[in-house]
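> Compute the structure for the input listed below.
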Amino acid sequence: MADIVIRRARLSDAAALLDIYRPYVERTAITFEWTVPDVEEFRRRIAEHSLRYPYLVAEREGRPVGYAYVSPFVGREAYDWSVELSIYVDMTVRHSGAGGRLYRALEQILAAMNVTNLNACIGVNPPGQAADSYLDANSPEFHAHMGYRLVGRFEKCGRKFDRWYDMIWMEKIIRPHEAHPAPVINFNDLPAEVLERLPLED
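A predicted model of the protein is given here:
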């Protein structure tokens, strides 16, 4: 949507982003976290993820309506070119285009950083288990729409609201796998001329 802008998250966004995240913890199995973190913990998470990777906010009329961030995939050096993405959109504005805008911005940034593989860890109902009010198919459908494909499934590995849930991995390749790839660049070290080409507001 034209009225949505994408920008870097600030530590001062912590309370607003936590308000977006809270209902996902309390009312859904979209996140497997059981307890809502406090604002200080959420601020710490923003700071930690922002040390190397982009942490983005979708804003409409000056109000955050969604956010997405990047985490290391596993963490060992051999995995440097792979990352894990996470996204949460205000439940009152889902299907507004904010999620797509956030993911497309992340893809452009991560490609500029020389990242090749984007991975998403997604909770789903096990085969044969009826869908419930805690978890729908929106997340895997969104990722499939964004070009991700299913690459793995773990059976009943998460439990929340007295129900077992499967976890799937979906993946998207955004750069060729070269024999001698360039090192991954820290987001904060991208040259100014590269940052100018990215779809980010100040």
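> pretty sure P140 is in a strand, no?
No - going by DSSP: H, G, I helix; E, B strand; the rest coil, the assignment for P140 is helix, not a strand.
> do you know how far it is from I87?
13 Å (CB to CB, to the nearest Å). Any C-beta I mention is one placed from the backbone N, CA and C, and that applies to glycine too.
> The two: which is more packed in?
Each of P140 and I87 has its neighbours counted (other CB atoms under 10 Å); I87 has more, 22 against 17.
> hey, C-alpha coordinates of whichever strand or helix holds that one in PDB?
Using DSSP states H and E, I87 maps to strand 82-89. Extracted C-alpha coordinates of strand 82-89, given in PDB (Å, rounded to 0.1, in the frame of the first residue of the first chain):
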ATOM      1  CA  SER A  82      21.700 -18.300   5.300                       C
ATOM      2  CA  VAL A  83      19.400 -16.500   7.700                       C
ATOM      3  CA  GLU A  84      16.000 -16.900   9.400                       C
ATOM      4  CA  LEU A  85      13.300 -14.300   8.900                       C
ATOM      5  CA  SER A  86      10.400 -13.500  11.300                       C
ATOM      6  CA  ILE A  87       7.500 -11.200  10.700                       C
ATOM      7  CA  TYR A  88       4.500  -9.900  12.700                       C
ATOM      8  CA  VAL A  89       1.800  -7.600  11.500                       C
END
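> for it, which positions count as buried?
S82, V83, E84, L85, I87, Y88, V89 (16 or more other CB atoms under 10 Å).
> same thing with stretch 112-131?
For stretch 112-131, by 16+ other CB under 10 Å, it's 112-113, 115-125.
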